[in-house]
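In: After the sequence you'll find the predicted model.
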Amino acid sequence: MDPTRYRSRAKWLFFAASGVAIAVAVACGGTEVVEKVVKETVVVEKVVEKPVEKIVEKERIVEKEKIVEKPVEKVVEKQIVQTRVVEKEVLKLVVATAQPGYVLQAPEPNPKFGGEVRTAWGTTMQSFDMWSGGSGNVLTQMYNNLVRKNPTDGLRTIIPDLATEWKISEDGMKYVFTLREGVKFHDGTPFGPDDVVATYSRVLNPPANVPIAAKTLYDAIGKVEKTGPKEVTFTLAKPRVWQFDMFSDPGSVIYSKKALDENNQDLRKIVAPGTGPMLFDSQKSAEFFKFKRNPNYWNPKLPYVEFATMLHVPGWTERGTSVLTGVADFSWNVSFDTFEEGKKRTDIVKVNPINNFGFLEVRWNNAKPPFNDIRVRKAMHLAFNRHIATEVYREEFLNVSRWISAGGAGATPIEAVVKLPGYRRDNSTDIKEAQRLLTEAGFPGGKGLPTFDLVAASVPGHSQVLAPFFVEQMKTNLGMNIKIRVVERALVNEEYKKDFDFVLGTVFHSPSPNHTPMWEAVWKTNGSQNFARYSNTEFDKIVEQLASETDPDKRAQLFAKGQDILDADPPEVHFGYTSHMLMWRTPVKGLGLGERLHQEWGRYSDTVWIDK
């Protein structure tokens, strides 16, 4: 494929200022938890060794000259600059959450009530169960978590949701949540500890007929139990330094025990009642999903809008066009071209490019020939030119990266990535090695290989751009013959249940810059999202060590070893991590969209308001 046929574009790298561990520490409202969780975070651990008040005073005075005079200034100054905004938010939120009766509200003064917010992204799904295939970016409007990321401060902190406070034991093996009183599900059922226990018991031990994709992310939990009238305790069976982070994932919602019991633990076919700010109103498949304001929401300040309508707009270009023309008020991710247009239209829209901890990939079936041969897998990894892929694909912004995104903890610097085999722009040497490996495996020039099947979603960027590009790369460089089969995007994951060859899709989106949860779920042997059926015992050992290691330098070494293993024994071909391009019309307020550190396809309908 001739790359000159496609316009080049500037390569962006967006670096997150901090991780979820910072947020966990500051949202708990107690110094015991702060001290415990900060041990997991490099930057904040070094800065927060001094009282937060003292550091914030220095920032307010901005006397860098005086700071530099101190012997350790070089290190301290660097850390302060990196986390300056976060430090201010830390101080602000600790005070807020420590006050009795703290509730979330829009950050702007005098928000307006009423009206409708309309969004543009895909809304189709094959299941209404948030834990079992339901669309999180749609259904989260109806539900609550125990805790959540703060939508008003750029997702920098974790704040109370259905839990008002929490404590983490000194050894990090026990979490005790105090639950909010006076909360009811939409059907009038009172919320309590039994609902939390029922929700997470199903996650830990799902029925045979109800797959729970996130199961691996919680399997360090040995027991969840009611320990008081308004208290629930989670006890870990094995160390996992990032386990608490998962409670803030938008998909970690709480269902009622009543709904689970009445439906034999299977909620895939019903829209189960939640405790959230919105009630289900109506929907029409492949057209829209509409919610209405919950007048009995436990937070008396929210929500502001009367209706939240999600228009089904699967194409990225169409999403951007919808916002630019006023059909929609905002979209989590628009195409590169419409994003560029939005940058020029500051009178009507605002834009923000942010990190997204998930990437586009082609998974092959590692359990079947010839993909069970490491030489064939390595050949495909080496023969694919990721630089051209970023220029061909204009629906999202792709970053050339290894197995951790540019904004993630432990990422290889881009200047080093582009010198590695499989990641070089001039990959002629890599192609020769790929051809040698394929010949050694018994398939010179692709001879002897069958014609393979590649499944791609019906969205144009996947079926008309990425899939044909991958097919052309494999044919030109390795002599492989692959036919493309297109299915509705909501059906893509169904292909993994079959004896598939190739599936093009989007891999796990981590709620944190820490990519260990993704490694655990997607590439560790028997991970609950290891749809490619990959297994490497050495990689599994790395993931196990990352689960308990808190030393930043040792974690960096483990991440480097893990990436080396995946390069040598690739589980799939990845195009690269994406940076999502937010676009919203200027009247949209209450979401801190311009300050977000990373993407979160989650609840927005509680704090959003329209300034018109």
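Out: Right, received. Where do you want to start?

In: in this structure, which ranges drop under the pLDDT threshold?
Out: Along the chain, the parts satisfying pLDDT under 70 run over 1-102, 508-511.

In: in it, which strand has the most residues?
Out: Counting residues, the longest strand found in the chain (DSSP state E) is strand 349-364.

In: in that strand, what's buried?
Out: Along strand 349-364, these residues count as buried under the neighbour rule (16 or more other Cβ atoms under 10 Å): 349-352, 354-364. C-beta here means a position set from N, CA and C on the backbone, and glycine is covered the same way.

In: now for that strand, which elements pack on it?
Out: Under the contact definition 3 or more Cβ pairs under 8 Å, 6 or more residues apart in numbering; DSSP states H and E, strand 349-364 sits against helix 336-344, strand 502-506, strand 572-585.

In: helix or strand right after the last one?
Out: With elements assigned by DSSP states H and E, the helix or strand that comes after strand 572-585 is strand 588-589.

In: Could you do the second one as well?
Out: Remark: after strand 502-506, the chain's next helix or strand is helix 516-518, criterion DSSP H and E.

In: quick one: contacts of the helix or strand just after that next one?
Out: With elements assigned by DSSP H and E, the helix or strand that comes after helix 516-518 is helix 537-548. Helix 537-548 is contacted by residues 220, 238-242, 516, 519-520, 523-525, 555, 558-559, 561-562, 565-566, 569 when judged by Cβ atoms under 8 Å, 6 or more residues apart in numbering.

In: Tell me the buried residues within these.
Out: Among these, those scoring as buried are 220, 240-242, 516, 519-520, 523-524, 555, 558-559, 562, 565-566, 569 (criterion: 16+ other Cβ under 10 Å).

In: of the residues you listed, closest to V492?
Out: Distance to V492 across these (Cβ to Cβ) is lowest for W523, with 18.7 Å.

In: now that closest one: how far from D540?
Out: Per Cβ to Cβ, to the nearest Å, W523 is found 9 Å from D540.

In: One more: K215?
Out: Distance, K215 to D540, by Cβ to Cβ: 17 Å.

In: Helices of the stretch 151-300 of the chain, start to end?
Out: According to DSSP state H, counting those that start in this stretch, the stretch 151-300 of the chain carries its helices in the segments 193-204, 215-218, 257-262.

In: residue contacts, the residue nearest to V313 when sequence neighbours are not counted?
Out: Once flanking residues are discounted, V313 sits nearest to A120: 4.0 Å by Cβ to Cβ, 6 or more residues apart in numbering. A120 makes contact with L311, V313, E318, R319, S322, V323, V327, A328, F330, S331, according to Cβ under 8 Å, 6+ apart.

In: Just flag the most distant two among those residues.
Out: Using Cβ to Cβ, the contacts of A120 span at most 14.2 Å, a distance reached by E318 and F330.

In: Am I right that L566 falls within a helix?
Out: Yes: when classified by DSSP: H, G, I helix; E, B strand; the rest coil, L566 is found to be part of a helix.

In: can you pull the contacts of it?
Out: R402, W403, W523, F539.

In: 10 Å - rerun?
Out: By Cβ atoms under 10 Å, 6 or more residues apart in numbering, the contact set of L566 is H381, R402, W403, I404, W519, W523, Y534, N536, F539, I542, E572, H574.

In: Q105 now?
Out: By Cβ under 10 Å, 6+ apart, Q105 lies in contact with P111, T152, N299, P300, K301, L302, Y304, G590, D606, T607.

In: SS state for the residue nearest to V313?
Out: Following three-state DSSP, we place A120 in the strand state.

In: Could you report the separation of it from P250?
Out: As for A120, its distance to P250 is 18 Å (criterion: Cβ to Cβ).

In: cool, and T550?
Out: Counting by Cβ to Cβ - T550 and P250 are separated by 26 Å.

In: show me what contacts the nearest residue to G410 once chain neighbours are set aside?
Out: Nearest non-adjacent residue to G410, counting by Cβ to Cβ, 6+ apart: F559, 3.0 Å away. By Cβ under 10 Å, 6+ apart, the residues touching F559 are 402-404, 408-412, 514-516, 519, 542, 546.

In: what distance separates whichever strand or helix holds F559 from the centre of its chain?
Out: In this assignment (DSSP H and E), F559 forms part of helix 552-568. The chain centre lies 21 Å from the centre of helix 552-568; the measure is Cα atoms, centre = their mean, to the nearest Å.

In: 29 is where my numbering starts, stick with that
Out: New numbering, starting at 29: the last item is helix 580-596.

In: Strands of the stretch 279-428 of the chain, start to end?
Out: 306-312, 316-321, 335-340, 358-359, 377-392, 425-427 (DSSP state E, counting those that start in this stretch).

In: Please consider this matter closed, and thank you.
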